[in-house]
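Chemist: Structure for the following, please:
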Amino acid sequence: MSATTALPDWAQEAIDLYQSDAASQFILHGNVQDRVLLPLKSGVRLGSIDDFLNDVLLTSFNVVLSYDVGNGIRIERGGKTFQEWPSAKGGTPLPKKPREACQTLTHYLRYVTNLKRAGGSSISVAIIIRAAHLVAPAVQGTAQFDLNAIALLMRDWASETAVREHSIASFFITENLNDMHPLVANNPRTNHIRVPLPSPTELRRALQLLEPSCATALQEYEDNLKEPAEQLVGATLSSVESLLRQRQYENDPISADDLADLKKDLVERDCNGLIEFVESDRSLDDYYGQEAIKDWMRGDIALWQQGDLKAMPMGYLLCGPVGTGKTYLVECLAGDAGVPVVKLKNFRDRWVGSTEGNLEKIFRLLEALGRCIVFIDEADQALGKRDSGSGDSGLSGRVYSMMAKQMSDTRNRGKILWILASSRPDLIEIDLKRPGRIDIKLPIFPCADADEAFVILRALCKKQGIDLPKTEKDNLIHLMPDLLTPGAAEAIAVKIYRMIKTKGIGVAEATKEALSEYQPPIPVEILSYQIELAKAEATDLKFIPEKYRKVIEG
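Modeler: Residues are numbered from 1 along each chain as shown. Have a look, this model is predicted:
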């Protein structure tokens with residue numbers, strides 16, 4: 001491998017490890033299915049990770065062999081040299097089944113090492129295993145004889161002394177590290193190289209390469225490709241290329257107005273529905289009450305925008321009873337923050353290793369986005385448990401471990417702001433709520449008194465197009481429910497609208513009837529319990545209104 005300044009960081013890392021004899025076996029994981037920039041002598045072009053290995057990284061090896069379960073063993077370079085191997089003579093087809101193929105590759109590696117020891121020629125060999133998780137998947141158990149045998153053979157390519165001392169390198173390509181057999185993935189002689197999503201610089205270079213064939217699609221950015229490159233961070237080169245070619249075919253230029261929507265669609269498609277962007281036209285001014293909480297959030301946003309990250313929290317915990325508007329508060333924050341707000345969807349999967357792989361993919365995206373807010377609703381269910389017993393084969397514990405590690409990475413302070421929401425914060429592992437992961441815990445409460453309940457109901461009626469006059473307050477105040485949540489108030493406002501339309505009665509009469517017939521959707525004792533939990537979690541007493549404490553404690 002010859003070093004060059006045009007290589008990406010992950011490739012340079014592999015070169016440094018190999019040339020220093022620190023490692024000869026590499027698991028390339030992450031954005032390995034994407035297009036990459038190939039710095040060739042003839043110029044830069046786009047290609048696959050396979051093209052990069054064969055045409056850029058491994059050009060000095062005498063023999064390059066590849067294997068995948070579909071094509072079997074293929075000779076990428078040095079066919080004549082490979083044919084000098086006695087076992088290759090006679091025209092016998094190379095095996096396709098994983099175990100036989102790995103045995104053949106191991107046999108050849110031992111042959112070239114023994115050949116050199118006997119005073120023969122020195123043959124440098126590189127092996128590329130595509131979709132390595134299909135060859136040695138993360139399936140454990142003593143009954144998996146073939147899989148364990150394959151993993152041990154692959155492990156020997158880096159661990160066997162005679163092989164390790166020869167000029168041999170092996171590359172296992174897989175999207176998710178957790179999909180690999182632990183005998184391979186946890187081998188101390190195997191180095192993990194993460195291929196990241198493209199940086200703004202790489203995106204701009206790719207746009208420059210695509211511009212001649214996609215001139216119409218990029219015509220609004222002809223003199224400034226830096227802007228769309230920065231806007232598209234988080235998308236893969238493959239999806240960007242597909243978008244440009246489609247727009248070029250449709251003769252439809254990409255405009256600044258639709259760039260954000262295009263980026264959202266590209267990223268969500270690349271993540272296969274694991275995440276979604278929270279879009280909002282609201283601001284914190286649209287959230288009624290909780291002034292201390294809003295002031296704190298505005299202060300953090302100001303620090304973020306100024307680039308002063310020392311006092312930025314790693315994360316928030318929004319805790320409070322069901323229906324108190326925790327999700328709505330995040331939507332309001334999204335409108336003020338000016339950064340992408342990403343919501344994690346259902347990343348759990350029934351297949352072994354799939355959940356961990358989904359989390360790996362999500363984490364790669366978050367790191368590529370730069371500054372963003374990550375929202376996890378129902379965090380007590382989503383984040384897993386340190387010790388979940390044997391009911392889920394340890395999945396919950398592995399999810400917990402991965403989330404805890406990611407949330408405590410101090411390199412992400414000021415880049416990723418985690419927001420957890422839960423009505424049962426007591427069910428979230430204490431370690432996940434500690435400072436350094438969640439620095440600020442914000443309690444969200446129902447209405448503390450009838451006056452506050454009337455104001456919220458009036459605001460939500462206005463949202464339905466109903467004008468509930470202030471003058472009706474004295475006539476309705478005695479009917480306002482205790483511990484009214486915004487969610488319940490919105491349901492009342494919808495009922496008032498329905499009664500006006502179906503019964504033909506006035507606003508005041510409909511409101512009075514709706515309040516008289518109101519039944520709380522959540523039992524008061526449950527609301528009170530969740531309120532006490534939220535109060536206990538609050539990091540600062542100023543987040544708990546004085547009048548509210550009096551009401552509850554009384």
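
Chemist: Assign Tyr316 to helix, strand or coil.
Modeler: strand (DSSP: H, G, I helix; E, B strand; the rest coil).

Chemist: Kindly provide the distance from it to Phe375.
Modeler: In this view, Tyr316 and Phe375 are 10 Å apart by C-beta to C-beta, to the nearest Å. The way it works is simple: take the backbone N, C-alpha and C, and place the C-beta from them, glycine included.

Chemist: anything in contact with each of those two?
Modeler: Shared contacts of Tyr316 and Phe375 (C-beta atoms under 8 Å, 6 or more residues apart in numbering): Ile419.

Chemist: residue nearest the centroid of the chain?
Modeler: In the chain, the residue lying closest to the centroid (C-alpha atoms, centre = their mean) is Ile362, at 1.6 Å.

Chemist: My guess is Leu53 contacts Phe172. True?
Modeler: No - Leu53 is beyond contact range of Phe172, at 11.5 Å (criterion: C-beta atoms under 8 Å).

Chemist: Show me which of these two is the more surrounded one.
Modeler: Neighbour comparison, Leu53 and Phe172: the larger count goes to Phe172, with 28 against 24 (by other C-beta atoms under 10 Å).

Chemist: Let me know the pLDDT of that one.
Modeler: With respect to pLDDT, Phe172 scores 97.

Chemist: Listing partners with orientation, what would you give for the helix or strand hosting it?
Modeler: Using DSSP states H and E, Phe172 falls within strand 168-173. Using DSSP bridges, strand 168-173 pairs in its sheet with strand 25-30 (parallel), strand 125-129 (parallel).

Chemist: What segments of the stretch 301-450 of the chain are strands?
Modeler: Counting by DSSP state E, counting those that start in this stretch, the stretch 301-450 of the chain has strands at residues 315-319, 341-344, 372-376, 416-422, 440-443.

Chemist: helices and strands around the fourth one, which ones?
Modeler: To tie it back to what came earlier, the one meant is strand 416-422. Strand 416-422 sits against strand 315-319, helix 326-337, strand 372-376, helix 379-382, with contacts defined as 3 or more C-beta pairs under 8 Å, 6 or more residues apart in numbering; DSSP states H and E.

Chemist: Indicate which one of the ones you listed is closest to Lys535.
Modeler: In terms of C-beta to C-beta, the element of those nearest to Lys535 is strand 315-319, at 9.2 Å.

Chemist: Run the angle between the closest one and strand 372-376 for me.
Modeler: On the basis of axes from the mean of the first three to the mean of the last three C-alpha atoms, to 10 degrees, strand 315-319 is oriented at 30 degrees to strand 372-376.

Chemist: got a list of contacts for strand 315-319?
Modeler: Strand 315-319 has contacts (C-beta under 8 Å, 6+ apart) with 326, 329-330, 379, 407, 417-423, 425, 428, 433, 437-444, 533-534, 537.

Chemist: Only alpha carbons, please: show it as PDB.
Modeler: Provided in PDB are the C-alpha atoms of strand 315-319 (Å, rounded to 0.1, in the frame of the first residue of the first chain):
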ATOM      1  CA  GLY A 315     -28.800  16.000  26.800                       C
ATOM      2  CA  TYR A 316     -32.200  16.800  28.200                       C
ATOM      3  CA  LEU A 317     -34.700  14.500  30.000                       C
ATOM      4  CA  LEU A 318     -38.300  15.700  29.600                       C
ATOM      5  CA  CYS A 319     -40.400  14.000  32.200                       C
END
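
Chemist: can you give me how far that strand is from the chain middle?
Modeler: Averaging C-alpha positions (C-alpha atoms, centre = their mean, to the nearest Å) puts strand 315-319 19 Å from its chain's average.

Chemist: Next: stretch 69-82.
Modeler: Offset of stretch 69-82 from its chain centre (C-alpha atoms, centre = their mean): 36 Å.
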